[in-house]
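Trainee: I need the structure of the sequence given here:
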Amino acid sequence: MSQTEFFPEPATILRMPSWLGSHVHEDRALPLAPGDYKMTPGDRWTVTCLKTNEVVYSGIGPVEILRERAAA
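Mentor: Below you'll find the predicted structure:
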């Protein structure tokens, strides 16, 4: 067994607001570590991957980038 089977890599979650209401949010899994993303607030919030310059989110805010443990 590898070490990753005992200690799963943390997952990165992008938490976005939903049009369904202020207390409702949507979560989207991101493939890289939280530090690999730049969040820019404004009229339209953007989240950009620093490694690829890809905009992974552009929309209403606020948004959060969270680190969560992967399911074992």
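Trainee: how about the residue most central in space within the chain: what's its closest non-neighbour residue?
Mentor: Taking C-alpha atoms, centre = their mean, the centroid of the chain lies closest to L14, which sits 2.3 Å from it. When the adjacent residues along the chain are set aside, L14 lies closest to R28, with 4.6 Å between them (C-beta to C-beta, 6 or more residues apart in numbering). Every residue, glycine included, has its C-beta placed from N, CA and C.
Trainee: hang on, the earlier thing: and whichever strand or helix holds the residue nearest to the centre of the chain, how far from the chain's centre?
Mentor: In this assignment (DSSP states H and E), L14 forms part of strand 10-18. The chain centroid and the centroid of strand 10-18 are separated by 4 Å, computed with C-alpha atoms, centre = their mean, to the nearest Å.
Trainee: so what secondary structure elements neighbour that strand?
Mentor: Using 3 or more C-beta pairs under 8 Å, 6 or more residues apart in numbering; DSSP states H and E as the contact criterion, the neighbours of strand 10-18 among helices and strands are strand 21-30, strand 55-59, strand 64-69.
Trainee: who touches stretch 31-40?
Mentor: Residues from elsewhere that reach stretch 31-40 (C-beta atoms under 8 Å, 6 or more residues apart in numbering): 10, 12, 14, 30, 45-51, 56, 63, 65-67.
Trainee: residues contacting the residue nearest to the centre of the chain?
Mentor: Contact partners of L14, counting by C-beta under 8 Å, 6+ apart, are D27, R28, A29, L30, Y37, V47, V56, Y57, V63, E64, I65, L66.
Trainee: same thing with E26?
Mentor: The neighbours of E26, taking C-beta under 8 Å, 6+ apart as the test, are R15, M16, P17, S18.
Trainee: ChimeraX command to pick out the buried ones of these?
Mentor: Buried residues within the contacts of E26, as defined by 16 or more other C-beta atoms under 10 Å, are selected in ChimeraX through the command that follows:
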select :16,17
